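*Asks:* Got a sequence here, can you build the structure:
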Amino acid sequence: MIITLFFSILSAQQLNFTATVDQITIGLDEAFTLNVTVNGENIGSIPQPELPDLPDFNILGQSQSQSTSISFINGKMTKQSTINFVYTLTPKKMGKSTIGPCRLKTKDKTFETQPVEIEVVKAGTQPAPGPGLAKVPGPVPAANAAVDDNLVITVTASRRSVYLGEEVNVEYDLWTRYNIQDVGAAQMPSFSGFWTEKIFEANQINYQRRVVNGKTFDVAVLKKMALFPMTSGDLQLDPMALTVSVIQPPRDFFDIFGTVRPVRIESKPIAVRVLPLPEPKPPDFTGGVGKFTINATLDRDSSVASEPINLVVRVSGRGNIRLVEKPNIPEISGLKILKPEVKDEIKANGEEIEGYKEFLFPIIPQTDGKYIIPALALAFFNPQTKSYETIRTSGLTFTAVKTSPLAQVSDASGLKILGTDINYIKPDASHLAPQKSDAPWWLLIIYPLSLVLIGYAFFYRNRRERISTDVSFARLARADRLVKKRLKQAEIQFKNTRHQEFYCSLSQAVIGYAGDIFNLETQTLTRDQIRTELLKRQVPVETVDQFIDIINQCDYARFSPALTTFKNPAELLKRTREILTRL
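*Replies:* Below you'll find the model as predicted:
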């Protein structure tokens with residue numbers, strides 16, 4: 001007892017005692033964290049640090065965590081410990097404020113931290129958090145808090161009443177006041193009744209901070225789409241659903257990492273009223289809704305021996321460019337105009353879809369002469385002016401010489417037939433070899449092969465029926481394919497040095513594989529419960545221990561790197577593959 005007290009007193013003289021904040025510029029009514037850290041070798045019992053007077057701040061809550069690393073040097077054991085005391089604060093007024101020194105009293109010495117300067121600005125003017133899964137700026141709600149008010153998906157439409165074919169932009173946003181670990185798609189909207197073009201789709205969650213009704217949220221744009229209605233009436237936008245892993249705050253001293261709570265959230269459906277286009281429509285209307293221009297060119301100005309000339313008509317602008325049909329070309333005596341080849345290219349320019357659609361008409365001269373392609377007209381509906389507008393090309397001319405009078409063209413293939421005489425391939429019938437009427441022997445193989453195919457068809461149908469009706473069998477059937485896909489994703493993240501995502505994907509692969517092959521809802525089970533379920537299913541104890549260790553190592557690497565025993569992620573990935581093959 002005396003020796004233990006001696007080392008505790010001695011180690012107290014070697015403490016590092018610091019205080020930091022997660023941000024020095026914050027918005028009024030927003031929360032930040034004060035981290036008071038005690039670090040040292042062979043730390044004994046450490047009392048709660050004393051906070052200074054905080055007249056300019058409110059204390060919303062506090063938590064505590066501890067990590068320890070042990071090393072042996074020259075046969076001597078050294079234990080390095082770090083204890084974090086985390087306080088959640090909110091400011092009471094704007095301006096610059098000071099958090100005074102925190103004090104830690106041991107039996108023979110008192111330690112103090114340096115004061116910390118904080119600047120409080122108007123809400124919403126502080127810098128936004130960086131990319132990735134940012135920490136929630138406000139206080140993390142308690143484990144039993146209502147999710148509806150703190151974690152939602154919103155959907156907004158640029159307009160709720162549009163004309164048929166008019167662009168309407170839809171944006172899906174994630175609003176959260178929680179600390180989120182993972183976000184996965186559970187249900188994506190189908191946009192039935194619309195032609196869709198993607199404007200933006202998030203590859204990673206990038207938050208911006210917003211304050212609504214005195215509450216601070218992290219807001220991330222998930223998806224932006226340009227929709228072009230294909231039918232009139234009231235069309236409904238289906239909801240988007242996500243599965244979100246919410247990290248709950250630690251419940252006590254021993255709950256270092258907290259718990260993860262899976263939550264399914266879903267946006268509300270909204271309706272868009274689609275108005276029909278006004279009647280009557282112009283005769284040159286081809287379905288365009290927006291604002292367009294048109295031009296026409298010929299790839300050459302002369303044709304020799306019925307050589308085709310290409311008429312290129314390009315329609316450019318903003319709107320439903322993909323839905324614009326070809327302009328009408330009148331019949332021209334002496335010319336054969338074939339069906340056009342079509343290509344288009346579009347892109348999102350800010351919040352609008354723009355691009356071009358090109359029609360290439362091959363023209364085959366039938367007689368010599370000078371030809372005039374008249375100006376082509378195309379009408380479209382402009383939703384800004386709520387009226388039809390007509391645009392025209394300029395007239396074009398070309399000449400044709402040495403045209404073959406026998407040249408005929410098929411609309412279907414575009415082939416030219418240069419003559420009408422028929423020549424026999426074998427003019428001498430006496431040299432034709434006799435043909436056998438008996439079927440070759442190898443056709444007999446088809447009969448047993450057909451029986452094999454029929455048997456396989458029955459097997460495949462029964463398997464598909466069982467997969468659709470037996471959830472346990474369906475999960476087992478997909479287990480190998482799904483875990484290979486997840487491990488491949490983890491391997492790619494490791495090669496790209498995205499280590500946080502690597503450990504997250506690796507943990508999901510391990511837990512998901514166990515859930516699939518044993519039909520367990522592993523996402524809602526604790527590690528002890530997973531261990532108990534695996535042992536019930538006759539999995540060897542050694543394999544179970546190694547399996548749980550892989551999950552722990554992933555969590556250590558993400559949240560407390562000092563505790564992991566696998567310093568090389570490649571070694572952990574190799575070990576994971578070995579464990580899964582034995583599972």
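
*Asks:* contact partners of the helix or strand harbouring Leu174?
*Replies:* Taking DSSP states H and E as the criterion, Leu174 maps to strand 168-176. By CB atoms under 8 Å, 6 or more residues apart in numbering, the residues outside strand 168-176 that reach it are 136, 150-159, 162, 183, 189, 199, 205, 217-229, 237, 240, 242, 244, 267, 272, 351. Bear in mind the C-beta positions are built from the backbone N, C-alpha and C, glycine included.

*Asks:* and with 7 Å instead?
*Replies:* Contacting residues not belonging to strand 168-176 are listed as 136, 150-159, 162, 199, 217-227, 237, 240, 267, 272, 351 [CB atoms under 7 Å, 6 or more residues apart in numbering].

*Asks:* again, but for stretch 322-335
*Replies:* 165, 195, 228, 284, 286-288, 313, 315, 337, 340, 344, 346, 357, 359, 361, 363, 365-367, 369, 371, 374, 376-378.

*Asks:* mind running it again at 8 Å?
*Replies:* Contacts for stretch 322-335 (CB under 8 Å, 6+ apart): 165, 195, 197, 228, 284, 286-289, 292, 294, 311, 313, 315, 337, 340, 342, 344, 346, 357, 359, 361, 363-367, 369, 371-374, 376-378, 380, 400.

*Asks:* Just want the phi and psi numbers for the closest residue to Thr522 other than its chain neighbours.
*Replies:* With CB to CB, 6 or more residues apart in numbering as the criterion, Thr522 has its nearest non-adjacent residue at 3.7 Å, and that residue is Gly515. Backbone torsions of Gly515, given as degrees, to the nearest 10, read phi -60, psi -40.

*Asks:* Pull out the buried positions in stretch 359-379.
*Replies:* 359, 361-366, 371, 373, 376-379 (16 or more other CB atoms under 10 Å).

*Asks:* Let's see which of the residues you listed end up in strands.
*Replies:* Of the buried residues of stretch 359-379, the ones assigned to strands by DSSP state E are 359, 361-365, 371, 373, 377-379.

*Asks:* and of those, the nearest to Leu534?
*Replies:* Phe359 (63.8 Å; CB to CB).

*Asks:* where are the low-confidence patches of the stretch 301-450 of the chain?
*Replies:* 404-439 (pLDDT under 70).

*Asks:* residue boundaries of the strands in it?
*Replies:* For the stretch 301-450 of the chain, the strands defined by DSSP state E, counting those that start in this stretch cover 302-304, 309-319, 335-337, 341-349, 352-365, 369-373, 377-382, 387-392, 396-401, 408-409, 416-417.

*Asks:* So which residue is dead centre in the protein?
*Replies:* With distances taken as CA atoms, centre = their mean, Asn203 lies nearest the centre of the chain, 4.3 Å away.

*Asks:* That one falls within a helix, correct?
*Replies:* No: going by DSSP: H, G, I helix; E, B strand; the rest coil, the assignment for Asn203 is coil, not a helix.

*Asks:* So for it, what's the pLDDT?
*Replies:* Note on Asn203: pLDDT of 84.

*Asks:* Report the separation between it and Lys224.
*Replies:* 13 Å (CB to CB, to the nearest Å).

*Asks:* go on, Phe458?
*Replies:* 48 Å.

*Asks:* Neighbour count: these two, which is higher?
*Replies:* Between Phe458 and Lys224, Lys224 has the larger neighbour count (other CB atoms under 10 Å), namely 18 against 9.

*Asks:* I figured the more buried one was touching Ile199, is that so?
*Replies:* Yes: between Lys224 and Ile199 there is a contact under CB atoms under 8 Å: 4.0 Å.

*Asks:* And stretch 494-502, what's buried?
*Replies:* Buried-residue list, stretch 494-502, by 16+ other CB under 10 Å: 494, 501-502.

*Asks:* Let me see the contact set for the residue lying closest to Ser161 once chain neighbours are set aside.
*Replies:* Computed as CB to CB, 6+ apart, the closest residue to Ser161 that is not its neighbour in sequence is Arg273, at 4.6 Å. Contacts here follow CB under 8 Å, 6+ apart; on that basis Arg273 touches 160-162, 233-235.

*Asks:* Max pairwise distance over those residues: which two?
*Replies:* Farthest apart among the contacts of Arg273 - using CB to CB - are Arg160 and Gly233, which lie 13.6 Å from each other.

*Asks:* Might one say that Asp344 is in contact with Phe359?
*Replies:* No: the criterion here is CB under 8 Å, and Asp344 misses it with Phe359 at 9.7 Å.

*Asks:* Helices of the stretch 101-250 of the chain, start to end?
*Replies:* Taking DSSP state H, counting those that start in this stretch, the stretch 101-250 of the chain contains no helices at all.

*Asks:* Out of the strands of the stretch 301-450 of the chain, which is closest to Ser81?
*Replies:* When these are compared by CB to CB, strand 341-349 sits nearest Ser81, at 53.4 Å.

*Asks:* Show me what the closest one is packed against.
*Replies:* Secondary-structure packing of strand 341-349 (3 or more CB pairs under 8 Å, 6 or more residues apart in numbering; DSSP states H and E): strand 194-201, strand 352-365.

*Asks:* Show me the shaky parts of the stretch 451-583 of the chain.
*Replies:* 523-524, 560, 562-564.

*Asks:* those strands in it, which residues are they?
*Replies:* Applying DSSP E, counting those that start in this stretch to the stretch 451-583 of the chain gives no strands.

*Asks:* ok, now the stretch 51-200 of the chain?
*Replies:* Using DSSP E, counting those that start in this stretch, strands in the stretch 51-200 of the chain cover 57-73, 76-91, 95-99, 103-105, 110-112, 116-121, 151-157, 161-163, 168-176, 179-187, 194-201.

*Asks:* still on that earlier bit, which of the strands of the stretch 301-450 of the chain is buried the deepest?
*Replies:* strand 377-382 (a mean of 21; mean count of other CB atoms under 10 Å).

*Asks:* Which strands or helices does that one pack on?
*Replies:* Secondary-structure packing of strand 377-382 (3+ CB pairs under 8 Å, 6+ apart): strand 285-298, strand 387-392.

*Asks:* how long is stretch 363-373 end to end?
*Replies:* Stretch 363-373 has an end-to-end distance of 11 Å (CA to CA, to the nearest Å).

*Asks:* Show me the contact partners of it.
*Replies:* Here stretch 363-373 makes contact (CB under 8 Å, 6+ apart) with 296, 298, 303, 306, 308-311, 329, 332, 334-338, 395-403, 405, 407, 409, 416.

*Asks:* Outline the domain layout of this protein.
*Replies:* What automatic domain parsing lists as the domains of the chain is 2-121, 151-275, 285-417, 471-582.
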